[in-house]
Structures are given as structure tokens and as C-alpha cells.
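**Student:** structural data only, the sequence is not supplied:
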């Protein structure tokens, strides 16, 4: 079976290899989801991508929404009407969606509503490693935490049932090591669910004016008591026994469970492992029983001590004297993801065992050339950054944003001085402009502009901030895997979409100075940046050029004008290496060359070579 | 249990290779877990995949515990050696993708001899594969990853049958299937002499 369609075609009872994120998609399909939405973000993107691929055949509605807030609101509208709805996002996306989610817990839902948040311990591809389990506690929202692709599938499916039973939204929380793990999943049957349902008006529940909200909060608290007894009954909270039953215990969840199991086995430990899959509300009775049956319990969880704090509170309340160990004892760290070695070390210290195999000879990797993520050959962002630095002579302060273009933060472009979150370039540029005399330039991608940049731009116009906003429009959401955004004219087969013009939006925000420039035209871009910075109000340049990877894919077979360096003419000045930095250009033993297979034919190097040594070759 | 550590550079088809290993394991009726770490860049950054065949819970391979390192790029081979022990077989493509840091920081890219010497210090053996040339010989120049999967299969370390891999290739590759199977066979043949079975 082809990888592309195994998601839909896998027969009930068969075992298929699925990514954790694909397993979530399959679980939602089997649960009869009617509406699915997302804004792409690593490590959650493949949930939406998988559903986009199969939505048409599966007869469900799927969309890439403008941001996580709207994605969540879309799902709320559908679920409040009575159909099942799924929305998925990366952890920081939930910050954007939180406003909607917190109050939706008050109104509750009619159809099953499941929000998937994919957290990223170790910030593999994120600006922070916040622990989104706190959102469950903050909002009073039941929480499921899968550890494997099989559980991603099972828990997503069950989450819809729990949501409908409690009439509450449910969060499924993964981490990178759950979402991005591929493993065997034994699937069930896809049962088409209700696709349409007329919204029955009930303002005393769904219109959260203060008088109603006060009442609904009490309703929520009562539902959480029911949720606690469901957690106590849940098969996702169960004990795994390693070796002969002992007096030692581990309480764990999510990816940490996997490391705990492997580490305990490698150490030859006899230990009981209480795996918490339905983790908010905590299965109180199960925890009490487990604590009573063990003398010493280590809580193993990544990031924040959420389980640990809950377990300690239960023990205190029940006057239990079981020794509870964890982050408070500094046996396990509060930062970065775990692995087997970290958990093995904590187990050794907690339970006084040894047995970790010493590492044999080690190879010295000092001085090995690093390979950090870089902008691709032919990337229009590289060209833009080169021109901006030329225009400003590196005097400007750069407010950056979230996207591929963030990779321009490293030298030689050094094109990021301040970065916090999606859309922040525009807002922070205003603040920078008020207190700095240097030129301020904000960089934002096209998808990010639609996501969260527009209010910042309106604010800049309204309050008269003076900075240059450069919208780096590569016509796609590139970093997460080339998903469409509101400016896109075409999307996946499922989506009938209309392109929204960035120019018209910018003008509609009240911007009077706007230019659209092709970043490959270094001279024009440089001059335009200089002109823009001379304006007395906010100015906007749309740097428009399709992502080089998309262009390469669409023009497969077309003749690309590969570039070469004429070694006779080259003066070895290293301008192309030191000031532009294209992955296709290398300098080995003082000789600069262009790798023909990598060259995208953008011709920017030809424009910047001071000695005209670089030429296109047909 | 067989722990395979795959490394290389974004765009080399490492994730596809790991999926083929995964599907091969499932068609052989074995458990398998795969992980992928690829950071922020679409292309050009270090990529790490793991394939654990057997009954592990975590997909990550602890340091010094890989049974086989399958490296798609020479420099990345060195970076992967933390996962090696004296019994680890290291199969490395001879392909070089020079990182920008070599040019910008004026660093030196290691020679294949140096990589071989370093590897043999900590591993059972170093097996260089001219994956790109072999893929070109099979008329699928983009399929050096399939040559590497063949080289993995040839060693027998996975405990999987040749036909399991071939079936998995057919599941994951849509174009030029006979040519890709030929590329697989070329890799398979080279490493057969390291097969201990």
C-alpha cells in the first residue's frame, strides 16, 4: 500500500506503519470527525497535512485556517452545533487559541471537540518549550497524553467520546517524540460521522455574558468531578510491572514513560510503573492506591512538575507517607527533553541501584565543522537580506518573526535582533521605533503576516509609528512544509480557496507607501529600501518571489541557468562566501566554486560579484 | 533487537529510507519504532533518524548502543560515532556535502581516510559506499538512499529478509521501481560479506 493513502485504506484490524501525527488523523477519521482545522507548526503539521490529503475522499471538511485562534473558533462553531470537530496546532499555537478555548470550557460542547497540542521539549523547532499541560489545569479541560503512535490513534478516538460524554472540550497533548515517531498502529473501522447538524439556540448556555458565565463555571467544576472518576476508570491509566512486584514505583506519562520503561529494564530493576494517559483530572483513587502500595515513588515527566505536584498534593491530603521523588529533589531536570540515560541516572539515584554501562572509547568531535540549518540555495530571503544590509550598512535594528527567514539571524546577514512570537516583528518594531534613533526594519513572512501581523500594522498606522515593514512573500508557508495560506490561490484538493491580496490588505490598513519588489533584483531592492527608510510614516515593501523549492518542483525539467565562477577572473575576494552565503557556493583551499547540482539559478551571486567572475551557463 | 542510526543532510531521502526499514519490519511481523529529528531548515541541515526493530518503548538510541550506523554523508558519519560501540558496523556513503561553516569559518572537511581511521577506533568496521555513483549506474541518480537501504539489508543486522525490504520499497516508491530495486541490489551486494549469518 502506498504511503499516501494508507491512512484511509488501512483495513480494520490491520497493522500499518504510521507517524504519531498520522495516527491522530486516523483516530479522528474513525471517530467520525466532520470538521478539522489547523494552522501548521512543527511538530503538529502532519496532522493537518494528512487530513488535507484525504479529506475529499473521506468526505470531511478540512481547512488550513489563518491562525490557531480562528482554527479553534471554526471547530467550536461546528462542535457547538453538534458534529465532531478537531483542531491541531503546535504548543505556542495554543497561546493564540487560548482565549477561545478557556471560555469554551464554560459553555461546553455538543459534538465531540478535540484540540491537539504538540509540545516541543528541547525546542527542536520552536521559540520556547512551554508545557501545555498547564492549559488543561488553567481551563479545566480534560487531558490525554499518548506515548506512542498506537496511543495517538486510540486516545484521539476516545477523546471524542469523552468530550461528548462530559460535553467538554478535550486536549490531546503530544510532544515531538510522540508526534514524530513512526510505529505500527492496529487500526479500526472508519465510520462516517454526522456531517451537518442544525445549531439549537440555547443562549443561557452559549452566550457567555457575566451572569451566564458565573453559572457555567459551576457547571464546569461539576463536570470536572465526573471527569475525575472517568480518569479513575480509564484504561489509559494502568500499571506496567517490571520484574517481580516490589515496593518501588514510577508514575509517568507521555514520552517519559518510554524512557522509564527502557531504563528500568536496562537497569534490571523490579518496579511498578503507573502510566498516566488520562492525566487531567488526575485519577485520584488510582494514585492513592498506587502510593499506598509502594514505599518509594519516582515521578518521571518531561518539563514542568505537573504530575509531581498533583501526586504530592494527593499524598499530603491523604496523609500518606510514601516517599515521593522527582524534580523537587533535583533528580530530574525541568528543562529539555529526556532520554533513556537521563531517566536511568534518576532511577539509579532514587532507588540506589547501579548498572549503567560505561561508554567505551569516545571520538573527539571538537572542531568538527557544524551544520546548522541554513536558507536554501536560491532562497529569495537571502537576496532580500543581502540588499537590506547593503542599503543600511548594517546600521538598522531588525525585528524578526517566525518562519524560514528567521534562519537569516546568523551571519553574514545577522538579520534578526529581536524575536518573540508569530507576528511580533510588527508590534515590537513600533516599540523599538519609539525609543531608538536607528532605522527599524521588521521582517515578516506572508503566512505570518496573515496569521498575526495585520493588527500590528493597523496599530502602526493608527499611532503613527515610523519603521519599514518588509513582507517576505514566498507565496507559501515554507518552513512547516509548504502549506497554503490566505494569499494562496491553490491548495490541497480538499480546499476550495480564494486568494486574499496582501497589497489590498496593506492598503486597507491605511498604509500609503507600499512597493512590491522582486528580491532577485538586488539593485532595485537596495534602492527601494533606502527610499522606504526616508519615509516619515510606516512604509511597506513586499519582497515577492516564490520559495525556491516550490519553483524547482513546479519547473521540473525546465532549464535552469546554472552559475559558474570563472577562476581566471575570480580575485578570491570571498564576497560571495562572506557576504551572501549560498549553500551552493563553497570555498575550499581558498578556491570558490559553485556546486552545479545545488545551484538554483537565481543569479544573485552574479549581481553581487565585484569582479564579474560569476556567469550563468545555459 | 536491532538499533539502526541513520544520519545525513536534509534532502538526501533519509526519512524515506527509514520508512522503508519500518515497513520492511512490519511486513516481517516485527515491532519497530522510527524517529526523525530535522530541525528548522527545509534543506541542508543535519538530519537524524532512528530505527529500532524489536520491543523497545522509546525510539531514541542511547549513546554507544547502535548496532549499525547508516550515514548518507561523510562528515555526518563522524558526528554519529557517539552511538557506536566495538560491535557497531558503520556504513557510510562517500558523498560529501560541504557545510557552509567550512567555507565561512575556514575549517577543513575531513578526508575519507580520516573518517575511516576515526571510525575504526570505535566501531567493528567502516564500510564506504559510493552510493551516488551506484544510483547513477541504476539510472536513478536521485536514489542513493535506496542504495544505502540495500547496503543495510545486505549486512543482515536487521534480521529482516531481502524480500521484506523489496516489498517495502514497492510500497514507498512510486516511480522507476525496477531501477530502484536494481539500486537496492547494488548496495545489498557490497555489504553481503559483512553478513555474519
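**Tutor:** Great, that's in hand. In this text the structure is predicted, and so the values were computed from the model without any measurement.
**Student:** what segments of the stretch 501-618 of chain A are helices?
**Tutor:** A:502-508, A:522-533, A:548-554, A:575, A:604-608 (DSSP state H, counting those that start in this stretch).
**Student:** break chain A down into its domains, please.
**Tutor:** According to automatic domain parsing, chain A comprises the domains A:6-233, A:237-351, A:380-554, A:562-617.
**Student:** mean pLDDT added to those domains, as CSV?
**Tutor:** Shown next, in CSV, are the domains of chain A (pLDDT from 0 to 100):
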stretch, mean pLDDT
domain A:6-233, 97
domain A:237-351, 97
domain A:380-554, 96
domain A:562-617, 94
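**Student:** tilt between the helix or strand encompassing residue A:382 and helix A:522-533?
**Tutor:** Element membership for residue A:382, per DSSP states H and E: helix A:380-392. Angle between the axes of helix A:380-392 and helix A:522-533 is 60 degrees (criterion: axes from the mean of the first three to the mean of the last three Cα atoms, to 10 degrees).
**Student:** which secondary structure elements does helix A:380-392 contact?
**Tutor:** strand A:468-473, helix A:522-533, strand A:539-544, helix A:604-608 (3 or more Cβ pairs under 8 Å, 6 or more residues apart in numbering or on different chains; DSSP states H and E). (Each C-beta comes from the backbone N, C-alpha and C, glycine too.)
**Student:** can you list contacts of the least confident helix or strand in chain B by mean pLDDT?
**Tutor:** The weakest-scoring helix or strand in chain B, judged by mean pLDDT, DSSP states H and E, is helix B:100-104 (a mean of 88). Under the contact criterion Cβ atoms under 8 Å, 6 or more residues apart in numbering or on different chains, helix B:100-104 has outside partners A:369-372, A:374, A:411-412, A:577-578, A:581, A:583, A:585-588, A:592, B:107-109.
**Student:** which ones among those lie within strands?
**Tutor:** A:585-588, A:592 (DSSP state E).
**Student:** run the chain-centre distance for the top helix by length along chain A.
**Tutor:** Longest helix in chain A by number of residues, with DSSP state H as the criterion: helix A:210-233. Relative to its chain's centre, helix A:210-233 lies at 30 Å (Cα atoms, centre = their mean, to the nearest Å).
**Student:** what's downstream of that helix, the next helix or strand?
**Tutor:** Using DSSP H and E, the first helix or strand after helix A:210-233 is strand A:237-242.
**Student:** residues near residue 66, how many?
**Tutor:** I'll assume chain A. 18 (other Cβ atoms under 10 Å in any protein chain shown).
**Student:** please go with chain B instead
**Tutor:** 29.
**Student:** let me know whether it touches residue B:88 as I believe.
**Tutor:** Yes. With contact defined as Cβ atoms under 8 Å, residue B:66 and residue B:88 form a contacting pair (5.4 Å).
**Student:** closest one to residue B:138 among the domains of chain A?
**Tutor:** domain A:562-617 (17.8 Å; Cβ to Cβ).
**Student:** now do the end-to-end distance for that closest one.
**Tutor:** 5 Å (Cα to Cα, to the nearest Å).
**Student:** need the helices and strands packed on helix A:380-392 in TSV with mean neighbour count and distance to chain B, can you?
**Tutor:** Shown next, in TSV, are the helices and strands packed on helix A:380-392 (neighbours: other Cβ atoms under 10 Å in any protein chain shown; distance: least, Cβ to the nearest Cβ, whole Å):
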stretch	mean neighbour count	distance to chain B
strand A:468-473	28	15
helix A:522-533	18	20
strand A:539-544	24	18
helix A:604-608	21	13
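**Student:** ok, and the closest non-adjacent residue to residue B:158?
**Tutor:** Nearest non-adjacent residue to residue B:158, counting by Cβ to Cβ, 6 or more residues apart in numbering or on different chains: residue B:2, 5.0 Å away.
**Student:** let me see the contact set for the one you found.
**Tutor:** Contacts of residue B:2 by Cβ under 8 Å, 6+ apart are B:52-54, B:67-68, B:157-159.
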